[in-house]
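>>> Have a look at this prediction, sequence included:
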Amino acid sequence: MKKIFKLLFLSLFIITVSSCDNEDQELLTISAKGSGEITAPESGFSQILNPEENQLNTAFTLTWNPADFGVPTAITYAVEFAKSGTDFTNPFLAGSTSNTNLTWNISEFNGAVISAGLSPFVEGNIDIRVIATVGSVASIPQISEIITVIITPFTTALPRISVPGNHQGWDPPTAPQLAASAFAETDYEGYVWLDGGYKFVGSDATGGFAWGNTDWGDDGTFTGKLLEEDETDCTSSAGYYFVRADTDALTYSATAVSWGIIGAATPTGWDSDTDLVYDPATRTLSVDIDLTPGPFKFRGNDEWASFDLGTVDDDGFLQGGGDITFEGASGNYHVVLDLSNPREYTYSITAN
């Protein structure tokens with residue numbers, strides 16, 4: 001009797017497993033039965049994104065009809081963005097959900113369309129589609145029809161101008177750059193090695209620098225005034241300069257700066273600087289120096305005045321005022337001051 005019961009139980013178990021396998025196989029091959037088409041916005045929707053607006057404000061909402069796979073099953077929707085004309089060869093996954101809508105705030109939507117291939121401050125077309133799948137790996141996805149929206153994105157990167165000249169072969173794309181204090185500002189500044197003539201070149205709509213863009217030079221009086229037309233080259237003798245240019249006020253200046261490191265951590269304490277040497281290949285200043293634990297800072301022109309970097313902000317960039325503390329072991333170190341990225345200055349200390 002026990003043997004009969006065991007055989008019966010085994011038979012039922014095999015039937016159950018077989019039935020489950022068949023169900024799994026059926027789920028693995030289900031395909032779409034109905035449409036999950038985009039219902040809003042309509043193709044042709046246009047929007048200019050505003051960098052000065054609260055970035056958490058809603059920018060864009062996409063809605064679509066639910067997909068129908070013919071069986072009651074959980075559905076995942078993936079929303080893809082692609083620059084028009086690319087046929088989704090390299091789409092950007094803008095989001096996924098089990099609902100039939102997705103909303104992006106200004107920051108999210110701006111980042112998504114730029115990631116999909118649009119250029120800041122240039123109107124461009126984005127193709128959007130929704131791909132519906134069920135949990136099974138082998139299920140056949142449903143892809144919606146494509147809508148195209150017209151978007152003008154932005155960038156929060158600081159505006160820049162380049163400084164081509166005799167110091168680097170008059171090549172705007174590879175020239176050192178100056179940065180403004182904020183979006184839409186024209187108070188550009190930065191550190192540049194100059195050697196003779198130079199000019200200021202603005203960026204084009206895509207952020208590139210080239211001759212043919214708006215450029216500025218001296219008005220011919222060499223008193224710090226800029227002109228866009230009938231200008232002459234600005235000029236400076238060979239040296240490292242703090243350069244400013246305001247393309248709205250049409251003014252500029254170039255102040256020679258010799259940088260050094262000073263403080264209790266250095267061999268001469270707070271009495272005098274140890275000079276840093278400029279390297280044109282890396283556009284950085286550096287020195288090999290004996291350091292001991294203690295405070296120090298970087299100082300320009302051997303004086304307590306405008307050029308004083310001794311504080312590191314939350315982003316890791318050097319700011320004016322304060323002192324930096326060296327906490328390493330006493331020894332010889334290679335110190336680098338990097339002022340090549342305008343308004344985002346850094347330093348490093350590496351043991352020799």
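Noted; the coordinates are in hand.

>>> so G95, which of the three states?
strand (DSSP: H, G, I helix; E, B strand; the rest coil).

>>> dump the residue contacts of it.
A78, V79, L102, W104, A112 (Cβ atoms under 8 Å, 6 or more residues apart in numbering). Just so you know, the C-beta spots here come from the backbone N, C-alpha and C atoms, and that holds for glycine as well.

>>> The helix or strand containing the first one - what's its average pLDDT?
What it means is A78. Under the criterion of DSSP states H and E, A78 resides in strand 75-83. Averaging pLDDT along strand 75-83 yields 95.

>>> tell me which residues of that strand are tucked away?
I75, Y77, A78, V79, E80, F81, A82, K83 (16 or more other Cβ atoms under 10 Å).

>>> Could you report the neighbour count for the residue lying closest to E189 once chain neighbours are set aside?
Computed as Cβ to Cβ, 6 or more residues apart in numbering, the closest residue to E189 that is not its neighbour in sequence is R244, at 4.7 Å. If you count neighbours by other Cβ atoms under 10 Å, R244 ends up with 16.

>>> part of a helix, is R244?
No: under three-state DSSP, R244 sits outside any helix and is assigned strand.

>>> show me what contacts it?
The contact partners of R244, by Cβ under 8 Å, 6+ apart, come to L178, D187, Y188, E189, T251, Y252, S253, A254.

>>> of all those residues, which two lie farthest apart?
D187 and A254 (15.1 Å; Cβ to Cβ).

>>> More neighbours: the two, which one.
A254 (20 against 17).

>>> Helix or strand: which one has the more buried one?
strand 251-256.

>>> quick one: buried residues of that strand?
Those buried within strand 251-256 under the rule 16+ other Cβ under 10 Å are Y252, A254, T255.

>>> Give me the pLDDT for L28.
At L28, pLDDT is 42.

>>> Please enumerate the helices of this protein.
Using DSSP state H, the helices of the chain run over 2-28, 106-115.

>>> weakest of those by average pLDDT?
Ranked by mean pLDDT, the helices of the chain end with helix 2-28 at the bottom, a mean of 42.

>>> From what I see, E80 and A94 are in contact.
Yes: assessed by Cβ atoms under 8 Å, E80 is found in contact with A94 at 6.6 Å.

>>> That concludes my questions; thank you for your assistance.
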